[in-house]
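Asker: Predicted model, plus sequence, below.
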Amino acid sequence: MKIKSLESFSNEFVSLVRLTTDDGHQGWGQISPYNADISATIMHRQVAPHAVGMEVPDTDGILDLVHRIYEREHKWPGSYMCRALGGLDTALWDLHGKIQQKSVCELLGGIPRPFPVYASSMRRDITPADEAKRLAALQQECGYTAFKFRVGKECGRDEDEWPGRSEAVVAEVRAALGDEARLLVDGNSCYTPQKAIEVGRMLEDHGICHFEEPCPYWELDWTRQVTEALSLDVTGGEQDNSLALWKYLTKDRIVDVIQPDICYMGGLSRSLEVAKMGAEAGLPCTPHSANLSLVTVFTLHMMGAIPNAGPYVEFSIEDEVDYYPWQKGLFSEPLVAKDGKVDIPAGPGWGVEISHSWLQSADYQITELA
Ligand SMILES: [Mg+2]
């Protein structure tokens, strides 16, 4: 069975990939969101020519195929190559699931089931009072027991979004959600080590359990200082897509919890490698999945199967109308949080049906066997 074609259906925000074999089997994958149309071009120019015509690898061989393509394009390491490779990798996993009539979670040795999630806020433009109010409403409505919200300013060089916001949002969210709620915060590369440690102590006083990306993510020694100084979990890695860097991040325990993003990483196979490195270092894996495109579906399947899965999957609470209109209507059964959990889709492959009407609205490209 050979790969006959790779098709992409793209807009600026998201790109879905359909892989077809020479005997007519198909699998669906996704290129990483944002500038996805550019990544789709990369896929057709630098990934598909190496993949189309190749024998379909078995699931254990997908990683090797991805590695080989990355080696062929070794002058272009980095984000766009990984984003593009992710479309191929995730389509191959879906293909195998559909052929074997098993979910990807089952292919990995897990069992589809409701999996705990944390409600993840993406907003800094919201007042502490409004953030606390909407998280409390979601606690009632969806039974979430864990929540993430934002402190500092994105790449903020120690500045807050506005003076006093971080202290206020931490105190107000804690007061609104009660002592039992697990509270996580994200610094999005805001702080120098000294300031991060100061903020971290304030977070510890309010029982925050997870301080994500406290320092500019590329300043590994800064992050390490914060990890060593604080008792709460310092977490990170969502931007990192180099396996060489992940080796260092895990072996040297730069963070307490690793957070690869399956789409930024180049798909499931490379993300499983990172999870394995984490497991060897005794680190839990709580991936980054910050929108409700297929990245959260991929993450649910992986988390249902890996031994060092953290306690929850990231689940965006930003709605499709005002905030992320592009994530609307991609597939038929939207993910829904109930009792603080979301079902790992149980159907074959990724277990979701891609929407035909969405595909019709997208820009189309194909690379196929001559
Ligand atoms: Mg983050």
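Answerer: Arrived safely.

Asker: quick check: domain ranges of this protein?
Answerer: Annotated domains of the chain cover 3-101+356-368, 106-343 [automatic domain parsing].

Asker: Would you reformat the ones you listed as a markdown table and include mean pLDDT and distance to the ion?
Answerer: From N, CA and C alone the C-beta is placed, and that goes for glycine too. A markdown table is the format used below for the domains of the chain (pLDDT from 0 to 100; distance: least, C-beta to the ion, whole Å):
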| stretch | mean pLDDT | distance to the ion |
| --- | --- | --- |
| domain 3-101+356-368 | 98 | 14 |
| domain 106-343 | 97 | 4 |
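
Asker: a markdown table please, covering these and showing mean neighbour count and distance to residue 350.
Answerer: Converted to a markdown table, these look like this (neighbours: other C-beta atoms under 10 Å; distance: least, C-beta to C-beta, whole Å):
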| stretch | mean neighbour count | distance to residue 350 |
| --- | --- | --- |
| domain 3-101+356-368 | 20 | 5 |
| domain 106-343 | 20 | 5 |
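
Asker: Redo these as JSON lines? Include distance to residue 349.
Answerer: Shown next, in JSON lines, are those (distance: least, C-beta to C-beta, whole Å):
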{"stretch": "domain 3-101+356-368", "distance to residue 349": "3"}
{"stretch": "domain 106-343", "distance to residue 349": "9"}
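
Asker: And stretch 124-133, end to end?
Answerer: End-to-end distance of stretch 124-133 (C-alpha to C-alpha, to the nearest Å): 14 Å.

Asker: Show me what it is in contact with.
Answerer: 121, 123, 134, 149-150, 153-154, 161, 165, 168-169, 171-173, 175-177 (C-beta atoms under 8 Å, 6 or more residues apart in numbering).

Asker: which residues sit in contact with residue 256?
Answerer: Residue 256 neighbours (C-beta under 8 Å, 6+ apart): 227, 233, 234, 235, 283.

Asker: one more time with 6 Å, if that's ok
Answerer: Neighbouring residues of residue 256 by C-beta atoms under 6 Å, 6 or more residues apart in numbering: 233, 234.

Asker: Any figure for the gap between it and residue 239?
Answerer: To residue 239, residue 256 is 17 Å away according to C-beta to C-beta, to the nearest Å.

Asker: before we move on, what about residue 210?
Answerer: Taking C-beta to C-beta, one finds residue 210 at 17 Å from residue 239.

Asker: in the protein, which residue is closest to the centre?
Answerer: With distances taken as C-alpha atoms, centre = their mean, residue 289 lies nearest the centre of the chain, 2.9 Å away.

Asker: Which residues are in contact with it?
Answerer: Here residue 289 is in contact with 295, 296, 299, 314 (criterion: C-beta under 6 Å, 6+ apart).

Asker: Does the spatially closest residue to residue 19 that is not a sequence neighbour belong to a helix, a strand or coil?
Answerer: In this structure, residue 19 finds its nearest non-sequential neighbour in residue 91, 3.8 Å apart by C-beta to C-beta, 6 or more residues apart in numbering. Following DSSP: H, G, I helix; E, B strand; the rest coil, we place residue 91 in the helix state.

Asker: In contact with residue 91, which residues?
Answerer: Residues near residue 91 by C-beta under 6 Å, 6+ apart: 17, 19, 27, 28, 29.

Asker: can you rerun that using 7 Å?
Answerer: By C-beta atoms under 7 Å, 6 or more residues apart in numbering, the contact set of residue 91 is 17, 18, 19, 27, 28, 29.

Asker: for the closest residue in space to residue 180 that isn't next to it in sequence, what are its contacts?
Answerer: Nearest non-adjacent residue to residue 180, counting by C-beta to C-beta, 6+ apart: residue 145, 7.3 Å away. Going by C-beta under 7 Å, 6+ apart, residue 145 touches 181, 182, 340.

Asker: mind listing the helices for the stretch 151-300 of the chain?
Answerer: 165-177, 193-205, 220-229, 243-251, 262-265, 268-280, 294-303 (DSSP state H, counting those that start in this stretch).

Asker: Figure out which of the ones you listed is closest to residue 116.
Answerer: Closest to residue 116 of the helices of the stretch 151-300 of the chain is helix 294-303 (C-beta to C-beta; 9.3 Å).

Asker: Dump the helix or strand that the closest one is followed by to PDB, keeping only the CA atoms.
Answerer: Next helix or strand after helix 294-303 toward the C-terminus (DSSP states H and E): strand 313-316. Provided in PDB are the C-alpha atoms of strand 313-316 (Å, rounded to 0.1, in the frame of the first residue of the first chain):
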ATOM      1  CA  VAL A 313      -5.900  17.900  29.000                       C
ATOM      2  CA  GLU A 314      -6.000  21.600  28.200                       C
ATOM      3  CA  PHE A 315      -9.500  22.600  27.000                       C
ATOM      4  CA  SER A 316     -10.000  26.100  25.600                       C
END
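
Asker: Right, I'll call it a day here.
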